[in-house]
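> sequence first, predicted model second:
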Amino acid sequence: MSTILIQNSNLLDIEKAEIIEGMNVLIEENKISELSDKEIKSSTAMKIDAKGKTLMPGLIDAHVHITATSLDLGSISKYPHSLNVLKSAKLAESMLMRGFTSVRDCTGADWGFHEAIEKDLIKGPRLFFVGKALGPTGGHGDRRPKTYEGDHCTCYQGTIKETWIVDGVAEVQKAARRELRKGAHAIKIFASGGVASPDDPIFGLQFSEDEIRAVVNEANSWKKYVLAHAYTSEAITRAIDCGVRTIEHGNLMDRKTAKYMNDKNAYLVPNLITYEAMDLEGEKYGLPKISLEKNKFVKDEGKIALDYAYSEGVKIGYGTDLLGELQVYQGKEFLMRQNIMPKKDILKSATLINAEIVNQKDKIGVIKEGSFADILLVDGNPLEDFSVFQEQGKYISLIMKNGKIYKNNLT
């Protein structure tokens with residue numbers, strides 16, 4: 001990797017919510033080695049004049065699905081593996097080009113995708129993955145047809161088998177150990193029903209408390225954590241009581257539960273935009289009628305839940321949970337939240353808080369000496385206007401990940 005010097009930038013200090021003019025940043029190898037408002041001298045560095053541009057850390061999306069290449073999840077099982085992998089690679093590259101230099105994939109991506117991105121075989125964000133999620137028979141992850149009576153159906157799994165269907169403590173332990181052995185950064189469980197699954201009620205509690213605790217114990221033994229797909233207050237409270245660290249969705253949460261989340265130092269990763277996008281285009285892209293009805297039920301409730309969470313002090317991450325064709329809406333999560341949270345706190349969600357969630361505090365989501373060089377130069381001030389994150393990265397002049405430039409409109 002080369003040495004790069006970014007000069008004359010307007011640095012966005014997200015922690016202090018302010019712009020600092022005239023900042024210079026020296027990148028050596030893959031890290032920021034010097035940050036100063038004084039001239040930085042280097043005879044070997046590639047120089048980039050960032051005058052008039054805002055320099056900020058790369059964005060982090062804590063809930064994506066790069067292998068969900070179609071909103072109609074049933075159709076993916078008809079693809080050959082090779083086709084789905086190539087489609088997934090394109091989705092990953094598009095995320096990077098929108099300014100998301102890190103993502104947490106919450107079911108589907110595996111160590112192979114992680115290594116392909118790390119070795120730059122495909123262009124994509126830094127990838128934190130959970131591998132396959134864990135769900136019980138008849139739960140959110142069980143998409144076997146009603147006509148199938150057996151416990152295993154290898155013919156049905158096709159290209160993508162995104163969930164281990166496991167029941168009982170012994171089975172969930174084995175499944176969690178399997179994903180940890182394969183390099184998963186965290187373990188995901190389904191703690192309630194969901195929208196995309198047509199056969200389970202959203203209020204369903206899925207796993208028993210003993211099963212959840214077993215998964216948490218396995219993750220903790222690797223110094224990793226558990227994230228739970230959960231909608232209702234009861235499902236969220238059960239999950240947190242059993243040691244779950246982050247709650248995904250949370251649309252049907254009440255204020256009391258939000259306060260409890262804050263008391264227990266749990267994280268919430270809402271995904272407002274996915275419900276809006278499914279409402280707009282779900283029918284067009286093959287979302288089943290029952291899922292469309294479920295979606296309408298939880299869509300507006302998610303905004304209320306986010307308001308409860310923010311007002312009660314919950315640590316809130318930025319996540320989108322968009323599937324397939326809808327992933328072009330990724331930057332619109334910023335717009336969905338701005339009537340509920342101040343812009344400065346939404347920016348913290350997409351940087352500082354998400355860095356905490358993926359256990360990379362002070363390494364990503366921040367511009368400081370010693371942090372990884374995941375950097376954006378944007379046209380405008382994100383503290384004032386989120387249009388800078390719209391139109392698929394149009395207003396991002398430079399995208400750098402791990403010290404390597406993937407987009408540069410300045411030279």
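Structure received.
> chain center to stretch 373-384, what's the gap?
Put simply, stretch 373-384 sits 19 Å off its chain's centre (C-alpha atoms, centre = their mean, to the nearest Å).
> can you get me the start-to-end distance on it?
24 Å (C-alpha to C-alpha, to the nearest Å).
> what of stretch 249-264?
So stretch 249-264: terminal residues 18 Å apart, C-alpha to C-alpha.
> would you check that residue 220 makes contact with residue 244?
No - in this structure, residue 220 is not within contact of residue 244 by C-beta atoms under 8 Å, at 11.0 Å. Using the backbone N, CA and C atoms, a C-beta is placed for each residue, glycine as well.
> for residue 90, see how far away residue 328 is.
Using C-beta to C-beta, to the nearest Å, residue 328 is found at 12 Å from residue 90.
> what are the buried residues along the longest helix anywhere in the chain?
Of all the segments of type helix in the chain, defined by DSSP state H, the longest one is helix 289-311. Across helix 289-311, burial judged by 16 or more other C-beta atoms under 10 Å covers 291, 294, 295, 298, 299, 302, 303, 305, 306, 308, 309, 310.
> how about stretch 247-262?
247-253, 257-262.
> quick one: these as CSV, columns for pLDDT too.
Converted to CSV, the buried residues of stretch 247-262 look like this (pLDDT from 0 to 100):
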residue, pLDDT
247, 98
248, 98
249, 98
250, 98
251, 98
252, 98
253, 98
257, 98
258, 98
259, 98
260, 98
261, 98
262, 98
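> among the residues you listed, which are in strands?
Judged by DSSP state E, these include 247, 248, 249, 250, 251, 252 as members of strands.
> so what pLDDT did residue 275 get?
pLDDT, residue 275: 98.
> so what's the closest residue to it other than its chain neighbours up against?
Excluding the flanking residues, the one nearest residue 275 by C-beta to C-beta, 6 or more residues apart in numbering is residue 299, at 4.0 Å. Applying C-beta atoms under 8 Å, 6 or more residues apart in numbering, we find residue 299 in contact with 251, 275, 276, 279.
> repeat that for 10 Å
Taking C-beta atoms under 10 Å, 6 or more residues apart in numbering, we find residue 299 in contact with 195, 251, 272, 274, 275, 276, 278, 279.
> centre of the chain to whatever helix or strand residue 83 lives in, how far?
Element membership for residue 83 (DSSP states H and E) is helix 81-97. Helix 81-97 has its C-alpha centroid displaced from the chain centroid by 16 Å (C-alpha atoms, centre = their mean).
> low pLDDT regions in the protein?
Residue ranges of the chain with pLDDT under 70: 1, 143-161.
> could I get the full set of helices for it?
Applying DSSP H to the chain gives helices spanning 73-76, 81-97, 111-118, 154-157, 169-181, 209-221, 233-241, 255-263, 272-281, 289-311, 333-337, 343-348, 354-357.
> could I get those in JSON lines, plus columns for distance to residue 131?
Output for the helices of the chain, formatted as JSON lines (distance: least, C-beta to C-beta, whole Å):
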{"stretch": "helix 73-76", "distance to residue 131": "17"}
{"stretch": "helix 81-97", "distance to residue 131": "14"}
{"stretch": "helix 111-118", "distance to residue 131": "8"}
{"stretch": "helix 154-157", "distance to residue 131": "15"}
{"stretch": "helix 169-181", "distance to residue 131": "4"}
{"stretch": "helix 209-221", "distance to residue 131": "12"}
{"stretch": "helix 233-241", "distance to residue 131": "19"}
{"stretch": "helix 255-263", "distance to residue 131": "25"}
{"stretch": "helix 272-281", "distance to residue 131": "21"}
{"stretch": "helix 289-311", "distance to residue 131": "24"}
{"stretch": "helix 333-337", "distance to residue 131": "24"}
{"stretch": "helix 343-348", "distance to residue 131": "28"}
{"stretch": "helix 354-357", "distance to residue 131": "17"}
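> between these, which gets nearest to residue 60?
For those, the distance to residue 60 is smallest for helix 354-357, at 3.8 Å, taking C-beta to C-beta.
> that closest one: which residues count as buried?
Quick answer for helix 354-357 (16+ other C-beta under 10 Å): 354, 355, 357.
> roughly how far does the nearest residue to residue 360 once chain neighbours are set aside sit from residue 276?
Using C-beta to C-beta, 6+ apart and skipping the chain neighbours, the partner closest in space to residue 360 is residue 102 (7.6 Å). From residue 102 over to residue 276 the distance is 24 Å, taken as C-beta to C-beta.
> more neighbours: which of those two?
residue 102 (29 against 21; other C-beta atoms under 10 Å).
> which residues touch that one?
57-62, 95-96, 125-128, 350-351, 354-355, 358, 360, 363-365, 372, 374, 401-402.
> how does it look with 7 Å?
58, 60, 125, 126, 364, 374 (C-beta atoms under 7 Å, 6 or more residues apart in numbering).
> buried ones among the residues you listed?
Neighbour-count burial (16+ other C-beta under 10 Å) applied to those gives 58, 60, 125, 126, 364, 374.
> now the contacts of residue 299: which count as buried?
Among the contacts of residue 299, those scoring as buried are 195, 251, 272, 274, 275, 276, 278 (criterion: 16+ other C-beta under 10 Å).
> can I get the residues you listed in TSV including distance to residue 225?
Compiled in TSV, the buried ones among the contacts of residue 299 are given as follows (distance: C-beta to C-beta, whole Å):
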residue	distance to residue 225
195	24
251	22
272	23
274	23
275	25
276	29
278	28
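> returning to what we had before: farthest pair in the buried ones among the contacts of residue 102?
So, the buried ones among the contacts of residue 102 by C-beta to C-beta: farthest apart are 125 and 364, at 10.1 Å.
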